[in-house]
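> Sequence and computational prediction follow.
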Amino acid sequence: MQGEEQQKLDVIANDTIKRAVGPTGRVCVMGSEEEPEPIVPDPCGEGAKYALLFDPLDGSSNIDVNVSIGTIFSIHERVSAGGAGRLEDLLQPGDRQVAAGYVIYGSSTVMVYSAGHGVHCFTLDPHIGEFLLCDQNVSTPRTGKYYSVNESNYARWNDGYRRVVRSFKGIDGELDERKNARYIGSLVADFHRNLLAGGVFLYPPDVRSPNGKLRLMYEASPLAFIAEQAGGAATNGEERILTLVPEALHQRTPLVIGSADDVAFVTRTLAAAQVPAA
């Protein structure tokens, strides 16, 4: 879907979420990274007051090599009046989310969740089939040890992002300490590590994807909600992710997300790179 190769497990995950959520009567409309149009549950109950957006299986290109993958979700209150939900219920800024989170499938199955009152982690106990609280009020470090970015795209970035990565490496000497590179290639896994250990994830725009590659509604916005609730930050390089007003269901965006001071450093460096030399 949307230019990426679709895996069989993508389809299974998408169908599973629709079957699990659709009949509950709580959701008036859904948006999936795997489907081009909004999904209206049938029937749509009169009491359905929420809109759900989800990436059913983030990082699915890593399935065959047994790398951690995940599911990302975002919940908004509906803004349309009664009956079936509409596109306008889905196209809302991220700061209107009532809840967001993700599930990461790795050595254990962990759900990270926020309803606007802090970030909490739950681990699945397979013996009882329930998620148990394992860490509450998660706080991400203000400055992290790690940076995560696909450096194979370096030649296609603008000079600002190149300066950022050179600084992280300690080449330009703009930071007191260089950072360690950690890139898994599965957004939810990279984000989860940086959330807990501290760090910054970047997916810059480039000459092939000038508007970025990640989806605003399914990936950037829900993870930005989590990051800010944990004391971190998220931006597209110029604006806070949660204030962006979406224009399309599958809109893409650049993303800088993670520890607050690291995100601020990236933003300053990008801004400075745009200032003409005197």
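Nice, I can see it.

> Only alpha carbons, please: show stretch 251-265 as PDB.
Output of stretch 251-265 as PDB, limited to C-alpha atoms (Å, rounded to 0.1, in the frame of the first residue of the first chain):
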ATOM      1  CA  GLN A 251      -0.200  12.400   3.900                       C
ATOM      2  CA  ARG A 252       3.500  12.000   4.500                       C
ATOM      3  CA  THR A 253       5.900  14.000   6.600                       C
ATOM      4  CA  PRO A 254       9.500  14.300   7.600                       C
ATOM      5  CA  LEU A 255      10.000  13.300  11.200                       C
ATOM      6  CA  VAL A 256      12.400  14.200  14.000                       C
ATOM      7  CA  ILE A 257      11.300  12.600  17.300                       C
ATOM      8  CA  GLY A 258      12.800  11.700  20.600                       C
ATOM      9  CA  SER A 259      14.600  13.400  23.500                       C
ATOM     10  CA  ALA A 260      13.600  17.000  23.800                       C
ATOM     11  CA  ASP A 261      17.000  18.600  23.800                       C
ATOM     12  CA  ASP A 262      18.200  16.500  20.900                       C
ATOM     13  CA  VAL A 263      15.100  17.400  18.800                       C
ATOM     14  CA  ALA A 264      15.700  21.100  19.700                       C
ATOM     15  CA  PHE A 265      19.300  20.800  18.500                       C
END
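
> Quick check: mean pLDDT of that stretch?
Stretch 251-265 carries an average pLDDT of 98.

> Residue ranges in this structure under the pLDDT threshold?
1-5, 45, 173, 275-278 (pLDDT under 70).

> In it, what residue spans correspond to strands?
27-32, 50-58, 69-77, 97-105, 109-114, 120-125, 130-135, 146-148, 180-181, 199-203, 214-215, 233-235, 252-253, 255-258 (DSSP state E).

> quick one: strands adjacent to the last one?
Yep, that's strand 255-258 we're talking about. strand 199-203 (antiparallel), strand 233-235 (antiparallel) (DSSP bridges).

> Which residue ranges make up the domains of the protein?
Domain assignment for the chain by automatic domain parsing gives 8-135, 146-273.

> quick one, which of those is packed in tightest?
domain 146-273 (a mean of 20; mean count of other Cβ atoms under 10 Å). The way it works is simple: take the backbone N, C-alpha and C, and place the C-beta from them, glycine included.

> chain center to that one: distance?
How far domain 146-273 lies from its chain's middle: 11 Å, per Cα atoms, centre = their mean, to the nearest Å.

> what's near enough to touch Ser114?
Ser114 is in contact with Ala99, Ala100, Gly101, His120, Phe225, Ile226, Gln229, Ala230, counting by Cβ atoms under 8 Å, 6 or more residues apart in numbering.

> Could you check how far the residue nearest to the second one when sequence neighbours are not counted is from Leu242?
Which is Ala100. In space, and not counting its chain neighbours, Ala100 is closest to Pro222: 3.7 Å by Cβ to Cβ, 6 or more residues apart in numbering. Note on Pro222: its distance to Leu242, by Cβ to Cβ, to the nearest Å, is 10 Å.
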